[in-house]
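Peer 1: pasting a predicted model and its sequence here:
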Amino acid sequence: EKPFLVEGIPIEDVGFVGAAGNEGAPSLNFVDILAAPLKGISQIFVVESALSGTVIMAGIASYSPMLAAHALCGSAIGTLVGAMTCAELTELTMGLYGFNSALTSMGV
C-alpha cells in the first residue's frame with residue numbers, strides 16, 4: 001500500500017515542490033514565478049490575477065512608492081517561504097502565500 005497523507009490521497013499525488021517522484025505534478029515556469037507575488041497582492045481582495053495585482057500595486061505606489069515596494073517584497077518573501085516549506089504548486093501560483101505577508105510587510 002502507498003503511504004497516505006490526508007484522507008486517502010497518496011503522498012505521491014499531492015504535488016509538493018520538494019516531493020520526489022512527481023512525474024505528473026505541475027511544474028513552475030518563469031512566468032508563474034514572476035506572477036506569483038503579483039497574484040499574492042491581488043489575493044488581498046480575493047482575486048487571483050497578476051493584472052489586478054499590478055493595478056493594485058500602481059494604486060499603492062501612487063500613495064507611497066516605498067509602501068508598494070514593501071508590498072511586493074513581502075509577497076515575494078511569503079511565496080519563497082511557501083516554496084521552501086514544500087507548499088503545493090497550485091497554492092503557490094494562486095498567490096495564497098503572498099497576500100498575508102504583503103499586508104504584514106506594509107503594516108510594519
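Peer 2: Okay, I see it. From a predicted model like this one, the values you see are computed outputs, not experimental measurements.

Peer 1: can you give me the helices for the chain?
Peer 2: Secondary structure of the chain (DSSP state H): helices located at 30-42, 50-63, 65-84, 89-93, 99-107.

Peer 1: elements contacting the first one?
Peer 2: What that stands for is helix 30-42. helix 50-63, helix 65-84, helix 89-93, helix 99-107 (3 or more Cβ pairs under 8 Å, 6 or more residues apart in numbering; DSSP states H and E). In short, each C-beta sits where N, CA and C put it, glycine included.

Peer 1: I'd like the helices of the chain laid out as CSV, including mean pLDDT.
Peer 2: Shown next, in CSV, are these (pLDDT from 0 to 100):
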stretch, mean pLDDT
helix 30-42, 91
helix 50-63, 96
helix 65-84, 95
helix 89-93, 90
helix 99-107, 95
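
Peer 1: burial-wise, tell me which of those comes out on top.
Peer 2: helix 30-42 (a mean of 21; mean count of other Cβ atoms under 10 Å).

Peer 1: next one: that helix to chain centre, how far?
Peer 2: Put simply, helix 30-42 sits 7 Å off its chain's centre (Cα atoms, centre = their mean, to the nearest Å).
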